[in-house]
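**Student:** here is my input, please return the structure:
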Amino acid sequence: MDLTEQKDEVMVLYEIYRNKLFEFDAKHSKGQISNAIELNGSVIKIGVSKRTINDNHEREILLSKDLDHIPPISLVFEFPDNYPSLSMPKFSLSCLWLNSKQILLLEEHLESLWNENKGSVILFNWITFLQNEVLEFLDFEKEIIIEEKDVSSLFNTPLKFIQELESYDVSRKEGIFHESLFTCNICFQDKFGKECVQFKGCDHVYCNICMSSYFETKIQEGSESGIVCPTHECSVEALPTQIKELVSEKLYSDYENGLIEMSLRGMIDVIRCPMRHCRVPTIIDLKSNSGECPSFFGKECVQFKGCDHVYCNICMSSYFETKIQEGSESGIVCPTHECSVEALPTQIKELVSEKLYSDYENGLIEMSLRGMIDVIRCPMRHCRICVFVPIVCVPSMDSILARFHAKNNENLWINADDEERKKMMKKYIRKLLVDRRFKYSTVNKRVIEWVMACRSKNVLLTGTLIMEKAATFALSMGLNHFEVSQGWLQKFLSRNQLSNAEGTEVQPDTIEE
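**Tutor:** Numbers count the residues shown, from 1 in each chain. Predicted structure coming up:
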């Protein structure tokens with residue numbers, strides 16, 4: 001008799017709650033049911049509190065959230081052989097948002113329900129109570145406030161507890177939506193929610209077939225913003241996940257790239273690498289005026305100081321290497337068309353190999369030395385030692401040779417006993433000195449001509465103006481280390497029988513050479 005009633009009860013529960021909510025193991029006469037708690041369409045606030053310091057029964061709410069659905073109370077049961085004639089089922093309750101005292105209260109109430117209906121099947125009565133009456137029984141009709149200490153037994157923080165409840169709420173809403181029937185606002189066919197898209201924020205519903213065509217059309221048209229709900233004057237945007245589910249992988253990639261491009265355009269601190277094959281976005285720190293390149297794992301990008309053009313490190317690494325290998329005889333300039341700003345040596349050093357940077361550095365040194373008439377290089381390729389010859393005097397050959405001797409022994413080209421090489425070096429140096437004397441003589445001659453031109457216009461010149469003009473002529477002759485001073489000026493005036501006086505009437509910068 002008891003066994004028959006047990007089977008009949010289980011069969012009825014299967015019909016009412018379906019397999020999703022009701023599970024039963026006939027072999028061991030055990031089962032479990034977790035039926036959703038009915039809130040009758042209302043919203044309930046659930047939060048976490050702690051007692052205040054004064055401990056006078058006041059509570060401080062740490063976190064709270066309004067929910068449409070809360071996790072169910074799970075009922076696990078086992079039928080004894082003499083149920084329902086003599087004994088009630090063995091059972092236990094568990095729930096995410098109830099503490100041990102509240103669970104005990106519910107268990108005592110379920111026992112009292114059995115005592116009132118002893119001899120009859122009881123599971124349906126228990127489930128109905130847990131589904132419809134439990135909040136009123138626990139005085140939780142408007143809000144559920146849980147002590148922080150009760151939360152910490154299952155979760156590390158109150159935030160994680162609230163997030164778990166939110167996750168259930170979202171999941172439950174999706175489940176209800178999928179099982180509900182809707183009319184598509186485009187094709188006007190009735191379809192279940194699992195075949196539809198619902199826009200979050202306006203709750204307008206359209207079937208997947210219509211939305212798939214709508215999303216594809218918008219992406220192909222090149223929409224530069226999010227795709228909005230097709231309902232007239234509705235501005236709610238479809239979620240990226242909704243679009244991704246209904247279009248091809250390639251189309252979604254195009255849409256995603258379009259959104260990224262649109263976002264980058266509105267960011268004043270983001271610049272794309274100008275190289276056409278690259279176009280990597282670079283984040284600029286507006287305070288330090290430097291860039292961070294995602295392609296190079298957070299290293300600074302190359303930002304040319306003076307023009308502020310920004311290129312990603314990958315492109316600039318290749319660009320610098322190419323320029324060095326081509327044998328660039330000057331600084332490496334910004335690749336932007338008609339821009340002449342040079343990259344800093346530190347920027348180049350960071351992006352090329354040590355050997356390449358050494359070649360580049362040596363090239364710059366060599367280029368500088370070519371314009372310096374007062375620097376003599378050893379002509380042997382394996383040596384190339386530099387010796388600076390002061391301009392203030394014409395040193396003796398022996399003093400110049402002594403400077404070469406002072407270098408390390410491995411690079412010596414001239415030995416004290418090597419008369420033949422001494423003769424060659426003297427001839428080499430003599431040629432350089434003659435060239436230098438010629439250039440200095442030319443500078444002196446051009447300065448005199450300029451002074452005479454000014455005098456012919458009745459302009460008296462100051463010594464400062466004469467020195468500035470001499471320095472200008474020297475630079476045009478390639479004499480980078482030409483020095484003008486009061487000593488040089490006095491010798492110049494004395495040698496050319498000139499006087500130093502204030503200029504009058506005509507400004508010297510109006511006199512053309």
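
**Student:** all contacts plus neighbour counts: C-alpha atoms, from now on.
**Tutor:** OK.

**Student:** now residue 49: phi and psi?
**Tutor:** phi -130, psi 170 (degrees, to the nearest 10).

**Student:** let's verify the residue nearest to it when sequence neighbours are not counted: helix, strand, or coil?
**Tutor:** Excluding its sequence neighbours, the residue lying closest to residue 49 (Cα to Cα, 6 or more residues apart in numbering) is residue 61, at 4.3 Å. Look at residue 61: counting by DSSP: H, G, I helix; E, B strand; the rest coil, its state is strand.

**Student:** I'd assumed residue 47 was in contact with residue 61.
**Tutor:** Yes - contact criterion Cα atoms under 8 Å: residue 61 and residue 47 qualify, at 6.8 Å.

**Student:** same drill for these two, tell me which one is more crowded.
**Tutor:** residue 47 (22 against 16; other Cα atoms under 10 Å).

**Student:** gap between that one and residue 260?
**Tutor:** Counting by Cα to Cα, to the nearest Å, the gap between residue 47 and residue 260 amounts to 38 Å.

**Student:** for the residue nearest to residue 49, which residues are in contact?
**Tutor:** Contacts for residue 61 (Cα atoms under 8 Å, 6 or more residues apart in numbering) come out as 47-50.

**Student:** so which of these wins on neighbours?
**Tutor:** Counting neighbours by other Cα under 10 Å, the one among those with the most is residue 48, which has 24 neighbours.

**Student:** so that residue sits in a strand?
**Tutor:** Yes - using three-state DSSP, the assignment for residue 48 is a strand.

**Student:** need the pLDDT of it.
**Tutor:** Here, the pLDDT recorded for residue 48 equals 82.

**Student:** what's the answer for the one 4 residues further on, then?
**Tutor:** According to the predicted model, the pLDDT of residue 52 comes to 66.

**Student:** same check on residue 196?
**Tutor:** 94.

**Student:** quick one: it from residue 186, how far?
**Tutor:** Separation of residue 196 from residue 186 (Cα to Cα): 12 Å.

**Student:** which one's more surrounded, those two?
**Tutor:** residue 196 (22 against 13).

**Student:** between residue 196 and residue 186, which contacts overlap?
**Tutor:** residue 206.

**Student:** about what we covered before: report the separation between the residue nearest to residue 49 and residue 33.
**Tutor:** Counting by Cα to Cα, the gap from residue 61 to residue 33 is 32 Å.

**Student:** phi, psi of residue 462?
**Tutor:** Dihedral angles (degrees, to the nearest 10) for residue 462: phi -90, psi 160.

**Student:** list the contacts for residue 199?
**Tutor:** 205, 229, 236-239.

**Student:** any chance of those in JSON lines, with pLDDT and distance to residue 485 too?
**Tutor:** Formatted as JSON lines, the contacts of residue 199 follow (pLDDT from 0 to 100; distance: Cα to Cα, whole Å):
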{"residue": "205", "pLDDT": "94", "distance to residue 485": "88"}
{"residue": "229", "pLDDT": "93", "distance to residue 485": "80"}
{"residue": "236", "pLDDT": "92", "distance to residue 485": "77"}
{"residue": "237", "pLDDT": "91", "distance to residue 485": "76"}
{"residue": "238", "pLDDT": "91", "distance to residue 485": "77"}
{"residue": "239", "pLDDT": "90", "distance to residue 485": "76"}
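
**Student:** ranking those by neighbours, who comes first?
**Tutor:** residue 229 (22 neighbours).

**Student:** for that one, what are its contacts?
**Tutor:** Counting by Cα under 8 Å, 6+ apart, residue 229 has contacts 199, 204, 235-238.

**Student:** tell me the one of the residues you listed nearest residue 484?
**Tutor:** Among the contacts of residue 229, residue 237 lies closest to residue 484 (Cα to Cα), at 73.8 Å.

**Student:** who touches that closest one in this structure?
**Tutor:** With Cα under 8 Å, 6+ apart, residue 237 has these contacts: 199-200, 226-229.

**Student:** what is the burial count for the residue lying closest to it once chain neighbours are set aside?
**Tutor:** Nearest residue to residue 237, sequence neighbours excluded (Cα to Cα, 6+ apart): residue 228, at 4.0 Å. By other Cα under 10 Å, the residues close to residue 228 number 16.

**Student:** is it true that residue 228 touches residue 234?
**Tutor:** Yes - counting by Cα under 8 Å, residue 228 does reach residue 234; the two are 7.3 Å apart.

**Student:** my read is that residue 72 contacts residue 38, right?
**Tutor:** No - in this structure residue 72 lies outside contact range of residue 38 using Cα under 8 Å: 9.3 Å.

**Student:** common neighbours of these two, please.
**Tutor:** residue 131.

**Student:** circling back: look up how far residue 151 lies from the residue nearest to residue 49.
**Tutor:** In terms of Cα to Cα, residue 61 sits 13 Å off from residue 151.

**Student:** so for the two, which residues contact both of them?
**Tutor:** Jointly contacting residue 61 and residue 151 under the rule Cα under 8 Å, 6+ apart are residue 48.

**Student:** for the residue nearest to residue 49, give its distance to residue 142.
**Tutor:** 15 Å.

**Student:** ok, now residue 49?
**Tutor:** In terms of Cα to Cα, residue 49 sits 16 Å off from residue 142.

**Student:** low-confidence stretches in the stretch 1-150 of the chain?
**Tutor:** Along the stretch 1-150 of the chain, segments meeting pLDDT under 70 span 19-20, 51-58.

**Student:** ditto for the stretch 201-350 of the chain
**Tutor:** Using pLDDT under 70, the flagged stretches of the stretch 201-350 of the chain are 224, 263-303, 308, 328-330.

**Student:** strands along that one, start to end?
**Tutor:** 205-207, 270-272, 281-285, 290-292, 302-303, 310-311 (DSSP state E, counting those that start in this stretch).

**Student:** if I look at residue 473, how far off is residue 127?
**Tutor:** If you go by Cα to Cα, the gap between residue 473 and residue 127 works out to 105 Å.

**Student:** typo on my end, residue 333
**Tutor:** In terms of Cα to Cα, residue 333 sits 80 Å off from residue 127.

**Student:** those two: which has the busier surroundings?
**Tutor:** residue 127 (20 against 16).

**Student:** and residue 102, how far from residue 66?
**Tutor:** Residue 102 is 21 Å from residue 66, by Cα to Cα.

**Student:** apologies, that question was intended for residue 180.
**Tutor:** Taken as Cα to Cα, the span from residue 180 to residue 66 is 23 Å.
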